[in-house]
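Chemist: One predicted model, sequence on top.
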Amino acid sequence: MIKHPAVPEAASHLLKFINASPTPFHAVNNATIRLESAGFQKVTLNQLGNQQGIHLWNSKLKETDNWDHLSPGGKYYFTRC
């Protein structure tokens, strides 16, 4: 990729991400790598507690879910893939 001097650095990073992510699956994988390298921890649905009716096919997080294992100010993410 030829970098034009007028292209802001953030746009250049975005283009690299898009070019490296030809499918949604690649995008999730690449985002996961970036988040983990920035210190984020993956939260699984099992950690939130399937006893509350959370299933893999219905992975919406709710305010009423069990969030006790998460620390205030922590860096977390989850994926549906």
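Modeler: That came through, no problem. Since we're looking at a predicted model, the values are computed, not measured. Residues are numbered from 1 along each chain as shown.

Chemist: got the buried residues for the longest helix seen in the chain?
Modeler: Counting by DSSP state H, the longest helix found in the chain is helix 24-37. Using 16 or more other CB atoms under 10 Å as the test for burial, helix 24-37 gives L35. The way it works is simple: take the backbone N, C-alpha and C, and place the C-beta from them, glycine included.

Chemist: what helices or strands is that helix leaning on?
Modeler: helix 9-19 (3 or more CB pairs under 8 Å, 6 or more residues apart in numbering; DSSP states H and E).

Chemist: Now do the buried residues in the helix it packs on.
Modeler: Result for helix 9-19 [16+ other CB under 10 Å]: no buried residues.

Chemist: related to what we said a few turns ago, can you tell me what sits against the longest helix of the chain?
Modeler: 17, 20-21, 42, 75, 77, 79, 81 (CB atoms under 8 Å, 6 or more residues apart in numbering).

Chemist: Mark which of these are buried, thanks.
Modeler: Neighbour counting with 16+ other CB under 10 Å marks none of those as buried.

Chemist: which ones among the residues you listed are found in strands?
Modeler: Mapping these onto strands (DSSP state E) picks out 42, 77.

Chemist: farthest-separated two in the contacts of helix 24-37?
Modeler: Distances among those were taken as CB to CB; the most separated pair is A20 and K75, at 22.5 Å.
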